[in-house]
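[1] build me a structure from this.
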Amino acid sequence: MNRCKWCNDKNKLYVKYHDEEWGVLNLKDNYLFEMLILESFQAGLSWECILNKRESFRKAYDNFDLNKVILYDENKINELLNNKNIIRNKLKINASINNAKIFKNIVDEYGSFYSFLKKYTHGKIIYENDKVTNELSDKISKELQRRGMKFVGSTIIYSYLQAIGIIYSHDDNCYLYKKDVNC
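    Okay, here's the model as predicted:
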């Protein structure tokens, strides 16, 4: 069975993620928050590395409970910095808490994070592959940065949009490939 070239067929967790989750539209706020935090931790690393630590991240980050993460203090930051099972980058850990607060503000303002994203996507799915950024990721990235988020450059946001299913990017030879039938 052909999969996207980035998928390590020897890693069962990665295969499961590719086959069952990546590119599948999921617009629930708790999932959107989890993926935004995980994608921001990916900066400079491989997604496989993050995915292998995902369960540890879930435990460390209180199952990505937004209302808990926004309250993290210095004690919790130190706990995260000493957790050998996650990425222990102080800038990324601090950014994750800061980004959680901004995420919450956006949810409060728009009713959901997807409603904020919809301002840019107009509810459409984009079918494209072999890109790492596009006009959509540029715009969303700029707005999130303007609001004060960190580790949300256009490449990270593009990966995020792929992960949550707004950009559908399976390779042409992948068994999950499909194109926009409305073209």
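
[2] CA atoms for contacts and neighbours, from now on please.
    Noted.

[3] give me every residue that touches the closest residue to Asn98 other than its chain neighbours.
    Closest residue to Asn98 apart from its sequence neighbours, by CA to CA, 6 or more residues apart in numbering: Met149 at 6.8 Å. Met149 makes contacts with Ala95, Asn98, Asn99, Ile102, as judged by CA atoms under 8 Å, 6 or more residues apart in numbering.

[4] any idea how far the last one is from Ser96?
    Noted for Ile102: a distance of 10 Å to Ser96, by CA to CA, to the nearest Å.

[5] which one of the two is surrounded by more residues?
    With neighbours defined as other CA atoms under 10 Å, Ile102 and Ser96 compare such that Ser96 has more, 23 against 17.

[6] name the element the more buried one belongs to?
    helix 90-110 (DSSP states H and E).

[7] contacts for the next helix or strand after that helix, please.
    Following helix 90-110 in sequence order, the next helix or strand is helix 113-121 (DSSP H and E). With CA under 8 Å, 6+ apart as the test, helix 113-121 has contacts from Leu27, Lys28, Asp29, Leu32, Phe103, Ile106, Val107, Tyr110, Leu136, Lys139, Ile140, Ile166.

[8] where in this protein is pLDDT low?
    181-183 (pLDDT under 70).

[9] okay, strands next: where are they in it?
    126-127, 167-168 (DSSP state E).

[10] contacts for the last one?
    Contact partners of strand 167-168, identified using CA under 8 Å, 6+ apart, comprise Gly23, Ile125, Ile126, Tyr127, Glu128, Asn129, Tyr158, Leu161, Gln162.

[11] distance between it and the chain's centre?
    With CA atoms, centre = their mean, to the nearest Å as the basis, strand 167-168 stands 13 Å off its chain's centre.
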